[in-house]
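# Next come a sequence and a model predicted from it.
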Amino acid sequence: MSEQVQDSQWPLWEVFLQPPKGEAHEHAGSVHAATAEQALQNARDVYSRRGEAVSIWVVPSGAITASTPEDMGPFFDPGNDKAYRHPQFYKAPRGVRVF
Amino acid sequence: MPEQSNSANTPAAAAEDPARLAEFEARIARGESIEPKDWMPERYRKQLIRMMSQHAHSEIVGMLPEGNWLTRAPSLRRKAGLLAKVQDEAGHGLYIYCGTETLGVDRQDLIQQLLNGTAKYSSIFNYPTLTWADIGCIGWFVDGAAIVNQTMLAHASYGPYARAMVRICKEENFHKRQGYEIMTTLAQGTPEQKAMAQEAVNRWWWPSLMMFGPSDKDSANSEELTRWGVKKKSNDDLRQRFVNLTVAQAKAIDLTLPDPDLVYNEATQNWDFGPIDWDEFWRVVRGDGPCNAERLAARNKAHDEGAWVRQAATAYAAKQQAAASEAA
């Protein structure tokens, strides 16, 4: 029983996969592993059995700093009222193809 | 996975802050995805932990009936396919355990509940795999039923669960086709092979229909899970969809589904089917199925026999760390 208590709560690692076509790495899930190398191997076995990835990142879950849901309003708000960041804000003469 | 708990005495989420609860339910109504750090009612969290961990356990225990035939698969092609399928089931268990951990539980505790028999898993895996045709039947019926259920769950309101389902659904299609090909081959084989296929169908059909869980009027959890967008369809609707899909597949390979009441209903455009033996279902759920004890014993044995691997990996990690700090 003592073995079971301590046996598998290895650190948690977040797994990010890059799909084949040069896209950005995307979060896939997590794995438990004793070392970074083992985390990579586990991530490959669990999340990429069918060529889902050309590259894998594993990151200790505790090392990630994330925004919180409470931030939603104030943290992201400044972007919403700045229409001049979008192309539609600017006028072009009628009939001219700007793009 | 189907709802297996008959113990949930669903108290209303009365203790929750009504304003937050209203905002939460509004988010569900708008079809928003609930993410791990979002506020959620305790009941929602508890129900998800129960449902997702049962689902994960089912994937893990589901390896056992099939593992029984790995060394006896009739050809290398079949063996490679079955091995890959069993490996997928292990992966599916891990996807869902990892999703469940985002709700603030430890995988270790969940696994402990499975090993000590306090957790439930899908009752279908408490039936034995007596012949090779059972492996075909599991892929065709059991994975077929799982696809129907999980396609719905891919739209569940909890983001990590829904995303795990998307990943799983992609892989289950191979499982189902693998099983159906086995059945097709047997059904077109010698009279003995065809009889073996039919006999497996006879044994697996009704337990497969039970996989969707009790009728919604008898399902303690359904109402709450539906209100909170975890379930988008009723157990009965999913079961009907599975029956509708499977009838034509059975006909195509000339196997007979063991239900004399199975008849097409022009008015509803559904295949009506006979009554399900819910006494059997509850017997198996409560631990009295053909293989409940055997499955639990096999799972515990595998866990215990793997202890040295986990210890070795831990020791190796410690050694690596020591070497690294020495070098520094």
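Happy to help now that I have it. Residues are numbered from 1 along each chain as shown, chains lettered A, B, ... in the order given.
# Going by C-alpha atoms from here, please, whenever you check contacts or count neighbours.
Fine.
# shouldn't residue B:133 be in contact with residue B:182?
Yes - at 7.3 Å, residue B:133 and residue B:182 qualify as touching, with contact defined as Cα atoms under 8 Å.
# Give the residue from those two that has the larger number of neighbours.
Using other Cα atoms under 10 Å in any protein chain shown, the more surrounded residue of residue B:133 and residue B:182 is residue B:133, with 24 against 21.
# mind listing what that one touches?
Applying Cα atoms under 8 Å, 6 or more residues apart in numbering or on different chains, we find residue B:133 in contact with B:182-183, B:186, B:196-197, B:200.
# what's the closest of the residues you listed to residue B:244?
Proximity to residue B:244 was ranked across those by Cα to Cα; first place goes to residue B:183, at 18.5 Å.
# near chain A, which residues of the stretch 201-328 of chain B?
B:307, B:310-311, B:313-314, B:317 (Cα under 8 Å from any Cα of the partner chain).
# Please give the element, helix or strand, for the spatially most central residue of chain A.
Centroid check for chain A by Cα atoms, centre = their mean gives residue A:27 as the closest residue, at 3.8 Å. Assessed by DSSP states H and E, residue A:27 sits inside strand A:26-32.
# start to end distance for stretch A:55-64?
Terminal residues of stretch A:55-64 are spaced 19 Å apart (Cα to Cα, to the nearest Å).
# Briefly note if it comes near chain B.
No - Stretch A:55-64 lies out of reach of chain B by Cα under 8 Å from any Cα, never closer than 11.1 Å.
# hey, where'd the helices end up in chain A?
A:2-6, A:36-47, A:72-76 (DSSP state H).
# winner for burial among these?
Greatest average neighbour count among those goes to helix A:36-47 (a mean of 19), per mean count of other Cα atoms under 10 Å in any protein chain shown.
# Name the surrounding residues that touch it.
Helix A:36-47 has contacts (Cα under 8 Å, 6+ apart) with A:13, A:15, A:28, A:30-33, A:56-58, B:91, B:94-95.
# one more time with 6 Å, if that's ok
A:33, B:91 (Cα atoms under 6 Å, 6 or more residues apart in numbering or on different chains).
# from the chain's centre, how far out does that helix sit?
Remark: helix A:36-47 is offset 16 Å from the chain centroid, using Cα atoms, centre = their mean, to the nearest Å.
# what's the single longest helix in chain B?
In chain B, with assignment by DSSP H, the single longest helix is helix B:159-187.
# Buried residues, the helix or strand following that one. List them.
Counting by DSSP H and E, the element after helix B:159-187 in chain order, helix or strand, is helix B:191-210. Neighbour counts over helix B:191-210 (16 or more other Cα atoms under 10 Å in any protein chain shown) mark B:193-210 as buried.
# Which positions in chain A make contact with chain B?
Residues of chain A found near chain B (Cα under 6 Å from any Cα of the partner chain) are A:30, A:34-35, A:46, A:69.
# can you pick the most crowded of those residues?
residue A:30 (27 neighbours).
# What residues does the residue nearest to it when sequence neighbours are not counted make contact with?
Nearest non-adjacent residue to residue A:30, counting by Cα to Cα, 6 or more residues apart in numbering or on different chains: residue A:14, 4.4 Å away. Contacts for residue A:14 (Cα under 6 Å, 6+ apart) come out as A:30, A:58-59, A:61.
# Give me the pLDDT for residue A:14.
For residue A:14, the pLDDT comes out at 97.
# before we move on, the earlier item: any chance of the residues of the stretch 201-328 of chain B next to chain A in a markdown table, with distance to residue B:129 and secondary structure too?
Conversion of those to a markdown table gives the following (distance: Cα to Cα, whole Å; DSSP: H, G, I helix; E, B strand; the rest coil):
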| residue | distance to residue B:129 | secondary structure |
| --- | --- | --- |
| B:307 | 28 | helix |
| B:310 | 30 | helix |
| B:311 | 33 | helix |
| B:313 | 34 | helix |
| B:314 | 36 | helix |
| B:317 | 40 | helix |
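# Before I go, just wanted to say thanks for your time.
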